[in-house]
Every structure is written in C-alpha cells, then in structure tokens.
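In: what follows is a predicted protein model with its sequence.
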Number of protein chains: 2
Amino acid sequence: MDDRELLKVVMGIVGKDKCLDDCAEIPCGEQVMVVTTDMLHRTTDFVPGMTDWQAGWMSAAVTLSDIASMGAAPTYLLIAVGLDDWKCLAGVMQGAKDCCTKYGAEIVGGDIDRHNELTVVTTGLGLVSRRDIVRRSGVWPGDLVCVTGVPGQAQAWLEGYRQFEKALFEPQPRVVEGQLLGRAGVSAMMDDSDGIALSLYDMMSVNDCGFSIDTAKLPLPAGIAAAQASELALYGGGDYELIFTIPPERYPVNGVSSTVIGKVIPEKTVLVDGVPLEKRGYQHRWE
Amino acid sequence: MDDRELLKVVMGIVGKDKCLDDCAEIPCGEQVMVVTTDMLHRTTDFVPGMTDWQAGWMSAAVTLSDIASMGAAPTYLLIAVGLDDWKCLAGVMQGAKDCCTKYGAEIVGGDIDRHNELTVVTTGLGLVSRRDIVRRSGVWPGDLVCVTGVPGQAQAWLEGYRQFEKALFEPQPRVVEGQLLGRAGVSAMMDDSDGIALSLYDMMSVNDCGFSIDTAKLPLPAGIAAAQASELALYGGGDYELIFTIPPERYPVNGVSSTVIGKVIPEKTVLVDGVPLEKRGYQHRWE
C-alpha cells in the first residue's frame, strides 16, 4: 500500500475534488485563500546531521512550496510541534520563522505536544486573485513542459553527493517564481517534491492529455555522470522546484529561471525520450 | 518543563500576541477568519478501547472546540494523518468527517504520512463577524463566571467511572453555544480542555483581574462522591466545555445550558471557596 493508493480511500470519504491539488481553495472576499498542511518527522524527513533550525526551516518550506505552486503569496503559517526533547523547540520555531520571514509569511498559531519523536505539522495559508490561481489541471496539447531550477540535488545528497547538502537541508520554495508564473498565465503547475516522474503522472491524472519529455533537455546536478543525474532528476524526492505547463507564446516568463523539458501531447501517457516513463519516485509505503 | 513554560519560548520567537487565544485571527473580507491547529496521537490522546472512528471524531472535535470558544462558526478542516497501520485511515477520516458534518464544517485538505504511531493533526478554520468575536481577554470585575455542561466527566472515565466513556471518546464541541454566547456579548471565553483550574489561570494571565469560584455551584458528574467530583471538575482534562465571563444583566443566554460558578474579582488571583486554587491540570511534561 502506498500513499497514492491510500489517497483513493480518502477520496471516497471526503470527495475526489478535495484531493486534486497542492492546496485547498477557500473564498476570501475578492481573493482566493489557498490552504495546505504537511506532516514531517524525524525518522522520515529530518535526516541525521540536520539541525533543529533546519528541521523548522524545512517544515515551513515544504508548505510554502505548495502555496507557491498555486501561484499564491504565502501569508500565514500554523505549526504543531510534537517533541521528545523540549530543547529542540526553540531551534525548530526559529527555523520556521526565518523561512516564513524570508518568503513574506507570518507564524500566527500552533500547538505543542509531547511525542516520541520530533514531529512537525505546518499548515500554510496564502492569497491569490481568482484570475491568477493555478491548478494541476488546465494542461493543453502543445503547451511546453518546464521546470524551475535544477531537480535531483536533494536526492543526490541522499546518495552520497555531499556538496548538495543545502538543497536537501534548506530547500528554497519558489515563492516569487510561483506568483510570476501565475500572473504570466501558465496553464497548470505543481511542485516536484515526489520527483518529476510522479509529478507528471499526478498531473496527467487530472488532465485529458499527456507529456513527452527529453532527458537531453533536463537540467542536471553538476558533477554527476549523466545517466545517474537523469535518474536523480526524474525519480528523486526532496526537491521543491515547480513543474509547469505554458502556451509557447507566453514563454519565457520574465524573472523566472526555468528550462523547457518537453511538451504536452494529446495522448494520455507520459513519455521520456519516446518511451513510457516509469511511475516511481518518493512514496510512503505500508505493509 | 511543561507546555506553559515552553509556550514562553515560543512567545519569545513568534511574539506574545500570537499565543494568547484558542485561535489566531486573520482578516477575511468583512469577517474574521479564526484558525487553530491541534496534534493528537495514540500514546497520549487515543486511549485503549477507542475505535479509529472515535480517534478521528476526537481529532476534529478538539479543533472545532477551539473555534467555538472564539464565538465562530467552523467552516473548514484540514487533517494530516501519520499512520503506522494504513488500515486505520478510513475509520479516522470517517470519524473526522462525521464530526465536521455534524457541526457544519467541511474537510478540504490534508496529508498522509507514514509514522511510528497514529498521529493526527487537525487545522480548523472558522468565520465570525468582528462584532461577535470573543477572546480570553475582556473580563471585567463583577462579570459572572460560567461553564457549559458538566465538566469532569472525561477525567472520570480515566479514573475508572466507565459510564462516562462517551464524554472522553466522543467529545461534543459547544459549537452552537459558542456562537450564541458570542452574539449575546459574553466578555471572554475559552474551552476547558486542560481543566477549569488551568483555564482560569490562563484567562487571568491576559486580564487585569481574577476569579472567585464556589465548589458548591459546580455542576458535577453524577454518581461520584462530591469531593472527588469537584476534584475531577476543577483539575481534570479532556472536557470540551466553554468557560465564559458575562455581565450579569446579559445572563442567562437563550439556548445555552450553563451554570454560574463564580464571579470576576478585581484582585489578580484565582480563589476557590475563598482560598487560592491550585494551578494544576492537564499538561504535557518533559524531563
């Protein structure tokens, strides 16, 4: 059992429409409030060597990334912290606060709990105009498929390339880029936190078309042989880049550093170099 | 180290004003959006014998109670579930959904994580008009101190009185009452989830006056000797009743079953039957 299978259980109970995007949408005056929640904890997410400050930073960053992927500006964060050791709290809170401050959000509430391992759940709220909001659906054949930054670096650290520590330990959510892309009229967007491959399959599941990407176009982590670097970029987790589709005439978008990695095709399939892409990446699993 | 001491660490980082009420407040058009988050998990909160459905119900209820205590109507819930056993998920989600449905809220988002024990973090959003919002501050000498329902029943179950199982396993947040009390102009309110004693001390910490309550006036769990029943009501955790203060001329409030247990006094102290009340109740502790 993996989390995409479990999501179907949730869909059956709360409704499929509640499970399709990186954030939920709530009307808020003339704007849309987007809301999202993420659970991280020591054994799965905070790898050995990370400081408390980095655990807090990462916890805020993953949630701000979900908000960015809707084209929204993050405004508020709530943080629930389960602690085995109370001495972690100050570092975690400071890291979360510094990440929020950098990206224009404010911590407005939270909860403290005793737990058997450090567990941090961040809930983020953001604002976006109805016109500029971006979802995973909206993809159109002929659109370009693009990605910000250089995917695969977080996974590269996990596989021994220690020069990529910052990418994994202190992810920089694409908050400015997300808003610029929303205003520029991208057709769909999400973050690639589970890897490019799973993200494309997630995106395909809510669209009536597919994707064809070229490994030769992928921006790759430096200093790693091309075959392994492609593997990291396609299937590695822990990145917080934005994957988006955009009509060719709107590309590039001022102020956003990104790379065209393929195009949208009418067939409902995901191809890499012309053959079906493996559907694997970062997933939780249960026996 | 307990959670009220740790809260001071948080106050030093995110600001004291962010830590004073049951919910944070966010402007939302002509209304105020109140937001709150709570972490519950197996070893601390889901006692042996509870079903998955009850764990989900309780998780939603504690958060809806925080929203009720601000006088707000709960509207949306997000739920992050950490699972050791994926088979728990459906029950937890159904319980949370049923609680939300009963009280007028909707589950709009969430997260699924693998964890070493069942851990549920619910984030609730509610709406209230600026005029009707109620906070912990606002208490005035001469106001009545009141409580809804019968406090102490959840703790009574924990101490062996099995007739109170529903009170602990399926708490009923005072959602209707909270809104009626807000509209009736109560001066301050919070829920009593950590017991009446700690709640009164929490309330005093943000007001320039104190409280004098009478054990003879406390509504008590039935079938328990008076001395133990008072102890349960004052210091027991796990209840989700509302404690509020109200000018005498506004009491009682139509539609709200409540009991006057004392009055607000000018001195900054909490008295029970004329002597200082012990400052103890439900708290998390760390070595």
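Out: Thanks, I have the structure now. Numbering: from 1, shown residues only, chains lettered A, B, ... in the order given.

In: strands along chain A, start to end?
Out: In chain A, the strands defined using DSSP state E lie at A:24-28, A:31-41, A:73-83, A:106-114, A:119-129, A:144-148, A:188-191, A:210-213, A:242-246, A:258-265, A:270-272, A:275-276.

In: so can I have TSV of those strands showing distance to chain B and mean neighbour count?
Out: Bear in mind the C-beta positions are built from the backbone N, C-alpha and C, glycine included. Formatted as TSV, the strands of chain A follow (distance: least, C-beta to the nearest C-beta, whole Å; neighbours: other C-beta atoms under 10 Å in any protein chain shown):
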stretch	distance to chain B	mean neighbour count
strand A:24-28	4	19
strand A:31-41	4	25
strand A:73-83	4	25
strand A:106-114	4	22
strand A:119-129	4	27
strand A:144-148	23	24
strand A:188-191	14	26
strand A:210-213	25	22
strand A:242-246	19	27
strand A:258-265	27	20
strand A:270-272	23	21
strand A:275-276	26	9
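
In: looking at those strands, which is closest to residue B:250?
Out: strand A:106-114 (29.0 Å; C-beta to C-beta).

In: and the closest one with strand B:119-129, angle?
Out: Here the directions of strand A:106-114 and strand B:119-129 differ by 140 degrees (axes from the mean of the first three to the mean of the last three C-alpha atoms, to 10 degrees).

In: identify the neighbouring strands of strand A:106-114 in the sheet and state each direction.
Out: strand A:73-83 (parallel) (DSSP bridges).

In: CSV for the strands of chain A, including mean pLDDT?
Out: Listed next are the strands of chain A as CSV, based on pLDDT from 0 to 100:
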stretch, mean pLDDT
strand A:24-28, 92
strand A:31-41, 96
strand A:73-83, 97
strand A:106-114, 96
strand A:119-129, 98
strand A:144-148, 98
strand A:188-191, 97
strand A:210-213, 98
strand A:242-246, 98
strand A:258-265, 98
strand A:270-272, 98
strand A:275-276, 96
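
In: correct me, but residue A:187 touches residue A:142?
Out: No - with contacts counted by C-beta atoms under 8 Å, residue A:187 stays clear of residue A:142, the gap being 10.0 Å.

In: which of the two has more residues huddled nearby?
Out: A direct count of neighbours by other C-beta atoms under 10 Å in any protein chain shown for residue A:187 and residue A:142 places residue A:187 higher, at 19 against 12.

In: OK, contacts around that one?
Out: A:138-140, A:143, A:244-247 (C-beta atoms under 8 Å, 6 or more residues apart in numbering or on different chains).

In: before we move on, the earlier item: turn the strands of chain A into a markdown table, columns for distance to residue B:257.
Out: Below are the strands of chain A laid out as a markdown table (distance: least, C-beta to C-beta, whole Å):
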| stretch | distance to residue B:257 |
| --- | --- |
| strand A:24-28 | 33 |
| strand A:31-41 | 34 |
| strand A:73-83 | 32 |
| strand A:106-114 | 29 |
| strand A:119-129 | 33 |
| strand A:144-148 | 57 |
| strand A:188-191 | 49 |
| strand A:210-213 | 59 |
| strand A:242-246 | 53 |
| strand A:258-265 | 60 |
| strand A:270-272 | 59 |
| strand A:275-276 | 63 |
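
In: among those, which is nearest residue B:89?
Out: strand A:31-41 (13.2 Å).

In: walk me through which strands that closest one pairs with, and which way each runs.
Out: strand A:24-28 (antiparallel), strand A:119-129 (antiparallel).

In: so residue A:137 touches residue A:188, yeah?
Out: Yes - using C-beta under 8 Å, residue A:137 is in contact with residue A:188, at 6.1 Å.

In: and for those two, which residues touch both?
Out: Common contact partners of residue A:137 and residue A:188 (C-beta under 8 Å, 6+ apart): residue A:207.

In: on that earlier part again, in a markdown table, list the strands paired with strand A:31-41 along with distance to residue A:218.
Out: A markdown table is the format used below for the strands paired with strand A:31-41 (distance: least, C-beta to C-beta, whole Å):
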| stretch | distance to residue A:218 |
| --- | --- |
| strand A:24-28 | 31 |
| strand A:119-129 | 29 |
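
In: residue numbers of the stretch 51-200 of chain A in contact with chain B?
Out: Residues of the stretch 51-200 of chain A lying near chain B by C-beta under 8 Å from any C-beta of the partner chain: A:75-76, A:78-83, A:85-86, A:89-90, A:93-94, A:97, A:107-117, A:119, A:121, A:123, A:125.

In: try it again at 6 Å.
Out: Contacts of the stretch 51-200 of chain A with chain B, taken as C-beta under 6 Å from any C-beta of the partner chain, map to A:78, A:80, A:82, A:86, A:89-90, A:93-94, A:97, A:107-109, A:111-114, A:121, A:123.

In: can you pull the contacts of the closest residue to residue A:142 other than its chain neighbours?
Out: Distances taken as C-beta to C-beta, 6 or more residues apart in numbering or on different chains put residue A:264 closest to residue A:142, at 6.3 Å, once the chain neighbours are dropped. Taking C-beta atoms under 6 Å, 6 or more residues apart in numbering or on different chains, we find residue A:264 in contact with A:139, A:141, A:143, A:209, A:245.

In: go with 8 Å
Out: Going by C-beta under 8 Å, 6+ apart, residue A:264 touches A:139-145, A:209-212, A:245.

In: same thing with residue A:132?
Out: Contacts of residue A:132 by C-beta under 8 Å, 6+ apart are A:71, A:179, A:182-183.

In: got a markdown table for those residues, with neighbour count too?
Out: Formatted as a markdown table, the contacts of residue A:132 follow (neighbours: other C-beta atoms under 10 Å in any protein chain shown):
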| residue | neighbour count |
| --- | --- |
| A:71 | 29 |
| A:179 | 24 |
| A:182 | 24 |
| A:183 | 16 |
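
In: bridged to the residue nearest to residue A:142, which residues?
Out: Residue A:264 has these beta-bridge partners by DSSP bridges: residue A:211.

In: mind checking how far it is from residue B:144?
Out: Residue A:264 is 65 Å from residue B:144, where distance means C-beta to C-beta, to the nearest Å.

In: list the contacts for the closest residue to residue A:271 other than its chain neighbours?
Out: Of all residues not flanking residue A:271 in the chain, residue A:212 sits nearest, at 4.4 Å (C-beta to C-beta, 6+ apart). Counting by C-beta under 8 Å, 6+ apart, residue A:212 touches A:262-265, A:270-272, A:274.
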